[in-house]
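Undergrad: Next comes the sequence, and after it the predicted model I'd like to discuss.
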Amino acid sequence: MSRRSLLVLALLAPLSALATVVLSMSMEEMATRAPLVLRGTVHRVDTQWDEAHAGLWTTSEVVVREVLKGPARTTVLVKQPGGTLNGFSQRVSGVASFTPGEDVVLFLEPAVDAPDAFVPVAMSAARVSLVQKGGQTIATRDLSGLTFASPGQRGLIRPVDAHEVLGFADAFLARLRAAVKGGAR
């Protein structure tokens, strides 16, 4: 993310007291931007204190089923702020939540502070669940706690619906594969 984008988001964040502001991006834009796009199954979720014992961090291990973009790998660690540990909780609006066993598509970039971990490129907007509904697998995402920013457009900040249905999983994955193939450099 450019410094200008970070500055815009920092200035706009106070305008949305109950949400975290992220750049509005289509799935294709996220697929192009993210250095790692994958489908996998959440294996485990672990919360720990940081080294200063000042904040909680949650790490989710995802077993990779398919790498859509980026280097081949068998697992990936997703690190995010917040979590619950021994009765103490820290909540960060817009952080993606993970549950062991769930089927997910993730748009990731390397974590700045942990060489072996990744972070979602747009918080929970960069996490898509593939869930069974009525005998079909549907792609959905939970956008709770997020507000989208669209710099340069009218209506710069817009709240989003908590849940978004992205269509049938096969069509969604085909769309991502086409975006990655078209965006490959």
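TA: The structure has been received and is ready for your questions. Because the structure is a prediction, the values reported are computed rather than measured.
Undergrad: Contacts only, for Val104.
TA: 39-42, 62, 98, 127-130 (Cβ atoms under 8 Å, 6 or more residues apart in numbering). C-beta: built from backbone N, CA, C; applies to glycine.
Undergrad: Which of those are buried, as a ChimeraX select command?
TA: Selecting only the buried entries of the contacts of Val104 in ChimeraX, with 16 or more other Cβ atoms under 10 Å as the criterion:
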select :39,40,42,62,98,127,128,129,130
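Undergrad: Surely Phe168 is in contact with Gln136?
TA: Yes. If you go by Cβ atoms under 8 Å, Phe168 and Gln136 touch, sitting 6.1 Å apart.
Undergrad: Between the two, which has more neighbouring residues?
TA: Phe168 (15 against 10; other Cβ atoms under 10 Å).
Undergrad: Give me the phi and psi angles of the residue nearest the centre of the chain.
TA: By Cα atoms, centre = their mean, the chain has its centre lying nearest to Ala126, at 2.9 Å. Per-residue torsions, Ala126: phi -100, psi 20 (degrees, to the nearest 10).
Undergrad: Likewise for Phe107?
TA: The phi/psi pair for Phe107 (degrees, to the nearest 10) reads phi -110, psi 110.
Undergrad: Could you measure from it over to Lys79?
TA: Here Phe107 is placed at a distance of 15 Å from Lys79 (Cβ to Cβ, to the nearest Å).
Undergrad: And these two? Which one has more around it.
TA: Taking neighbours as other Cβ under 10 Å, Phe107 and Lys79 compare with Phe107 leading, 27 against 17.
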